[in-house]
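# Show me how the following folds:
(one chain, ligands or ions: 1)
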Amino acid sequence: MPTRRAFIAGAASLPALAPAARASEPVSHVLRAAPATVQLAPADFPLTPLWAFNGTVPGETLRLRQGDMFRARLENGLDQPTTIHWHGQRLPNAMDGVPYMTQAAVMPGDSFDYTFRLRDAGTFWYHPHANSLEQISRGLAGVMIVAEAAPPEVDAEEVLVFDDWRLTEDAQIHPSFNSRHDKSHGGRLGNYITVNARPEVTGQQVSGSRLRLRLVNTATARIFRLRLDGVRAWIVALDAMPLDVPEETRELILAPAQRADLIVDVTAQPGEEAMIASVERDGTYAMVTWAVTGPVMTARTAPRALPPNDMPRLAPDDARSQPLVLEGGAMRGLPEEAVWKGERQAARKLIEGGQFWLFNGVAGMPDTPLVEASLGETIRIPITNRTAFPHAMHLHGMHFREILPVGLGPWRDTLLVGPDETREIAFVADNPGNWMFHCHMAAHQMSGMMNWIRVI
Ligand SMILES: [Cu+2]
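Numbering: from 1, shown residues only. I've put the predicted structure just below:
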């Protein structure tokens, strides 16, 4: 019969689902998810009670260095389970923050230590992956910056977090998280767009100066179309990953969860303004306005590419293909029957259960993954969107590239696929584990648009 000592020793030698950081390795960051109250709406409106990391929206901006170990403790001060997903990080599966898939949910009053090496430089963000629509919409999101060993030379850097809030007339977070209309249409679109949780960011820049801008969309539904004025701008990275060649632009689309790093030269003259505006259906709104001052700095040559992260070599010609078809939603609807919770069911049953969307005929997480890849295998996924809405498709754990008519697109972790489009992605399955592949419009995710990929 095993002795108690032997039993304890045996239990201690079992690999834990996710190792807690040891006492000898203190955490460098504590992120407490808890209720907070901030002045979110303009000053003549009441304060807004929301949920925040460390009391602010966006949550504390984490400034880190490539190659370092990251150790952060999540403390759950909410009255419901939560986790943190480190969006875009190529990390060990147990650190990915997906409850019931990579870790147990962190219960109210409990904590969880996340530890992983920061292998990639870039602009990332963190957010819960539990009850995501409500938790992200109430304010739980923050930016994670991993600096390159040799960052580009700029005069200033700005982090700009674009978000969209649905507020009541007295500036409270609208509690309509179960709206069937949101789920079956374009998601939880708000009525108040912000940058860094303000309706507008203002400041000063010197004419001719060079800025690095890190743009993040933390909204759960709104696709921002951003226009740049009074500057010459280049995209140098998308979803954290540097472009091979910086791409000059005057306007860019930032879908939910996407990031863009820009290098921007202020071309407006002293006395003029430089601006980032959001182009919306009902008009164009200034989000960032810089008063431009002198003396004028000397113009520089176009920026060089950022130092690349260590990406796999992608040879899609040899890849296995697994198509994904997106169906459902308003205007197109569901077929008569579909699979939900492992059973074929009438569409009426799915709709009663708040399920409006299908991935390959299945609503919600299927028991078997979309793809089971062997480690190192290259996989192609043509994504066909038969719905009437765009979807921001996000793969955890690995970045992918789009297969273009000629060549390959940039490395991304989130791709916007428009209605009636087919967009094909390819990736090297080089990170073992179970990884979610889902629409990042959280109302769509919870109403059907979830799947997963297994790498073994
Ligand atoms: Cu979607």
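
# For R320, which non-adjacent residue is spatially closest?
The shortest distance from R320 to any non-neighbouring residue, by Cβ to Cβ, 6 or more residues apart in numbering, is to I379 (5.8 Å). C-beta coordinates here come from the backbone N, C-alpha and C atoms, glycine included.

# Report the backbone C-alpha coordinates of the helix or strand containing that neighbour in CSV.
Counting by DSSP states H and E, the element that carries I379 is strand 378-385. Presented in CSV, the C-alpha positions along strand 378-385 are these (Å, rounded to 0.1, in the frame of the first residue of the first chain):
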residue,chain,number,x,y,z
THR,A,378,1.6,23.3,-43.1
ILE,A,379,-2.2,23.8,-43.2
ARG,A,380,-4.3,25.8,-45.6
ILE,A,381,-7.8,27.0,-44.7
PRO,A,382,-9.9,28.6,-47.4
ILE,A,383,-12.5,30.6,-45.4
THR,A,384,-15.8,31.1,-47.3
ASN,A,385,-18.1,33.6,-45.8
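
# quick one: it to chain centroid distance?
Distance of strand 378-385 from the chain centroid (Cα atoms, centre = their mean, to the nearest Å) equals 20 Å.

# Now do it, average pLDDT.
Summarised as a single mean, pLDDT over strand 378-385 is 98.

# With stretch 266-273 instead?
Average pLDDT, stretch 266-273: 98.

# tell me which residues in it are buried?
Going by neighbour count (16 or more other Cβ atoms under 10 Å), the buried part of stretch 266-273 is V266, T267, A268, E272.

# next one: stretch 184-191
Judged by neighbour count using 16+ other Cβ under 10 Å, the buried positions of stretch 184-191 are S184, H185, G186, G187, R188, L189, G190.

# Also stretch 130-140?
Quick answer for stretch 130-140 (16+ other Cβ under 10 Å): A130, N131, S132, L133, E134, Q135, I136, S137, R138, G139, L140.

# In CSV: those, plus pLDDT, distance to the ion and secondary structure.
As requested, the buried residues of stretch 130-140 are arranged in CSV below (pLDDT from 0 to 100; distance: Cβ to the ion, whole Å; DSSP: H, G, I helix; E, B strand; the rest coil):
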residue, pLDDT, distance to the ion, secondary structure
A130, 97, 19, coil
N131, 97, 17, coil
S132, 98, 13, helix
L133, 98, 12, helix
E134, 98, 17, helix
Q135, 98, 18, helix
I136, 98, 14, helix
S137, 98, 15, helix
R138, 98, 20, coil
G139, 98, 21, coil
L140, 98, 20, coil
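
# from these, which single one is nearest R348?
If you rank those by distance to R348 using Cβ to Cβ, L133 comes first, at 23.4 Å.

# give the contact list for the closest residue to T384 other than its chain neighbours.
Spatial nearest neighbour of T384, excluding adjacent residues (Cβ to Cβ, 6+ apart): T422 at 4.5 Å. Going by Cβ atoms under 8 Å, 6 or more residues apart in numbering, T422 touches P382, I383, T384, N385.

# Show the contacting residues for the second one.
The one in question is I383. P323, L324, L326, M393, L415, V417, T422, R423, E424, I425.

# measure it to M449 for me?
11 Å (Cβ to Cβ, to the nearest Å).

# For the stretch 251-400 of the chain, which residue gets nearest to the ion?
For the stretch 251-400 of the chain and the ion, the shortest gap (Cβ to the ion) falls at H391, measuring 3.3 Å.

# Verify the stated contact: that residue with C439.
Yes: here H391 reaches C439: they are 4.5 Å apart, a contact under Cβ atoms under 8 Å.

# Find the residues that touch each one of these two.
Shared contacts of H391 and C439, defined by Cβ under 8 Å, 6+ apart, comprise L326, M449.

# re the thing from before, and the pLDDT for the residue of the stretch 251-400 of the chain closest to the ion?
Taking H391 on its own, its pLDDT is 98.

# Next: P92.
As predicted, P92 sits at a pLDDT of 98.

# so who does it touch?
Here P92 is in contact with F116, G433 (criterion: Cβ under 8 Å, 6+ apart).

# doesn't W357 make contact with G448?
Yes: the pair G448 and W357 passes the contact test of Cβ under 8 Å, sitting 3.4 Å apart.

# For those two, list the residues in contact with both.
Counting by Cβ under 8 Å, 6+ apart, the contacts common to G448 and W357 are G328, A363.

# any idea how far the residue lying closest to Q39 once chain neighbours are set aside lies from A171?
Distances taken as Cβ to Cβ, 6+ apart put L47 closest to Q39, at 5.7 Å, once the chain neighbours are dropped. When distance is defined by Cβ to Cβ, L47 is 7 Å away from A171.

# One more: S137?
If you measure S137 against A171 using Cβ to Cβ, the figure is 15 Å.

# Repeat that for I379.
46 Å.

# same check, this time on L324
For L324, the distance to A171 - Cβ to Cβ - is 40 Å.

# All the helices of the stretch 151-300 of the chain, residue numbers only.
For the stretch 151-300 of the chain, helices defined by DSSP state H, counting those that start in this stretch occupy the ranges 180-184.

# Without its sequence neighbours, what residue ends up closest to the residue of it found nearest the ion?
Nearest to the ion, among the residues of the stretch 151-300 of the chain, is G187, at 6.7 Å (Cβ to the ion). Excluding the flanking residues, the one nearest G187 by Cβ to Cβ, 6+ apart is A221, at 3.0 Å.

# doesn't F359 make contact with T384?
No: under the criterion of Cβ under 8 Å, T384 is not in contact with F359, lying 10.7 Å apart.

# More neighbours: which of these two?
Neighbours were tallied for T384 and for F359 using other Cβ atoms under 10 Å; the higher tally belongs to F359 (24 against 17).

# that older thread, I'd like the buried residues of stretch 266-273 laid out as TSV, including distance to the ion.
Supplementary listing: the buried residues of stretch 266-273 in TSV, determined by distance: Cβ to the ion, whole Å:
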residue	distance to the ion
V266	36
T267	37
A268	37
E272	40
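
# now do the same end-to-end measure for stretch 268-276.
Taking Cα to Cα, to the nearest Å, stretch 268-276 runs 13 Å from one end to the other.

# Repeat that for stretch 418-436.
Using Cα to Cα, one end of stretch 418-436 lies 21 Å from the other.
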